[in-house]
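Sharing a model prediction with you, sequence too.
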Amino acid sequence: MKFLLIIASMMFFLTGTNAQDIKPGKRKGIEKIEAHKVAFITKVLDLTPEEAQKFWPLYNEYSEKERQLRSSFEANKPKKGMSEEEANNVIDYYFENEQKKLTLKKNYYDKFKMILPATKVVRLHFAENRFKRKLLKKLRKNNKMKRRMRD
C-alpha cells in the first residue's frame, strides 16, 4: 500500500494535464483524482516498481494526446442553427477524430506491450473504465448529499 501511495504521489507531479490553465481550487481536485487514478490502476494492473517507473510516463504521454483530441473535438461542437453543410462537416470531423483516437490507442497499447506483459495491458482498458464508473458514482453521491444539505 505504501508503494501505491509513493507512486500516486510521484504521478501527482508528473500528470500530463495543463495545471496552469485550471483554477487553483479545481486544480487541487483534479490532482487528487489523478493520484487516485494512478493508485487504482497501479493496483489493478499489479505493477511492479520497475514496471510502474516505465509505464506511467508513457501513459501520461498517451493521456495528454488523448486529451488534446477530446479538446479539439470540443472546439468544433455543433452550433445551434448550423447549416446542413456545417452539420455534415461536424459529423465528418467526429469520425476523423474517433479514428485518430483509435489509432492513438492502438499505437500506445503496442508501446505498453513493450514494457508490460499483454495480460496487464489488456486489463488497462477495463481498469480505466472501472475507475471512471467509480468516480462518477462518487460524484453523483456527493451531488445528492449537497442537494439534501441545501434543502
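Alright, I've got the coordinates.

residue closest to the middle of this structure?
With distances taken as Cα atoms, centre = their mean, Ser63 lies nearest the centre of the chain, 5.7 Å away.

so where does that residue fall, helix or strand?
helix 49-75 (DSSP states H and E).

Buried residues in that helix, which are they?
For helix 49-75, the neighbour count (16 or more other Cβ atoms under 10 Å) marks 51-52, 55-56, 59-60, 62-63, 65-66, 73 as buried. C-beta: built from backbone N, CA, C; applies to glycine.

Let me see the confidence value for Val118.
I think there's a mix-up here, since residue 118 is Ala and not Val. What the model reports as pLDDT for Ala118 is 96.

so what's it up against?
Neighbour list for Ala118: empty [criterion: Cβ atoms under 8 Å, 6 or more residues apart in numbering].

Distance check, it against Asn76.
35 Å (Cβ to Cβ, to the nearest Å).

picking that back up, where is pLDDT lowest across the buried residues of helix 49-75?
Within those, Phe73 has the lowest pLDDT, namely 81.

average model confidence for stretch 100-108?
97.

Contacts for it, please.
Contacts for stretch 100-108 (Cβ under 8 Å, 6+ apart): 58-59, 61-62, 65-66, 69.

Poorly predicted segments of the protein, please.
Counting by pLDDT under 70, the chain shows low-confidence ranges at 1-25, 151.

residue boundaries of the helices in it?
Secondary structure of the chain (DSSP state H): helices located at 2-14, 24-45, 49-75, 84-115, 118-150.

The fourth one: which residues count as buried?
I take that to be helix 84-115. Buried residues in helix 84-115 (16+ other Cβ under 10 Å): 100, 108-109, 111-112, 115.

Same question for the longest one.
With burial defined by 16+ other Cβ under 10 Å, the residues of helix 118-150 counted as buried are 120-121, 123-124, 127-128, 131.

Arg130 against Val44, yeah?
Yes: between Arg130 and Val44 a contact is recorded at 7.1 Å, counting by Cβ atoms under 8 Å.
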